[in-house]
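> Return a 3D structure for these sequence lines:
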Amino acid sequence: MSKKKPALNMPKKPDPKDWTRHDVLYAVRRTGTTLQQLSIELGYHRGTLGNALHIPAPKYERLIAEHLGLPVQDVWPTRYHPDGTPKSGRGERGLGRYKRKTTKPNNSTVGEIGNVKQVNKGATDASR
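Below you'll find the model as predicted:
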């Protein structure tokens, strides 16, 4: 008979889990509306707030949580820090994620700046 070795890296408490999409939909339904109706009331396309059920979308998650009267970190604890700031998505990576491309010096001809051709200011529309 072989004995099973206990797992050494087992957490003492299970990690908090996000609400399932069905839990969120049910909670919104209990307020007397649907997620589609809520999207339209807030001025979005009817399927917009549904994006938060599948991918991290801090803006939409916050709108849903505010409608439910709950802090957003209670509904999606794996997506938010305890203080309510997003762990991932645009909220955390923000400006650093899409850095502006640096321009490389190129052999542009006279009259061109980068990839944009310079237009003669004295030219009329007919001569272009």
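
> Please list the residues outside the helix or strand harbouring His22 that contact it.
In the assignment (DSSP states H and E), His22 maps to helix 21-30. Residues outside helix 21-30 that contact it (Cβ atoms under 8 Å, 6 or more residues apart in numbering) are Trp19, Thr34, Leu35, Leu38, Ala52, Leu53, His54, Ile64, His67, Leu68, Val75. Glycine gets a C-beta too; all of them are placed from N, C-alpha and C.

> How much space separates Ser39 from Arg21?
Computed with Cβ to Cβ, to the nearest Å, the distance linking Ser39 and Arg21 is 15 Å.

> what ranges do the helices span in this protein?
Listed in chain order, the helices of the chain (DSSP state H) span residues 21-30, 35-41, 58-68, 72-75, 90-97.

> where in the chain is pLDDT low?
1-16, 88-128 (pLDDT under 70).

> so what's Thr33 closest to, chain neighbours aside?
Nearest residue to Thr33, sequence neighbours excluded (Cβ to Cβ, 6 or more residues apart in numbering): Glu41, at 7.6 Å.

> Leu53 now?
Arg21 (4.1 Å).

> Please verify my assumption that Asn51 contacts Glu61.
No: Asn51 is beyond contact range of Glu61, at 9.4 Å (criterion: Cβ atoms under 8 Å).

> For the two, indicate the residue with more neighbours.
The residue with more neighbours, out of Asn51 and Glu61, is Glu61; 25 against 16, by other Cβ atoms under 10 Å.
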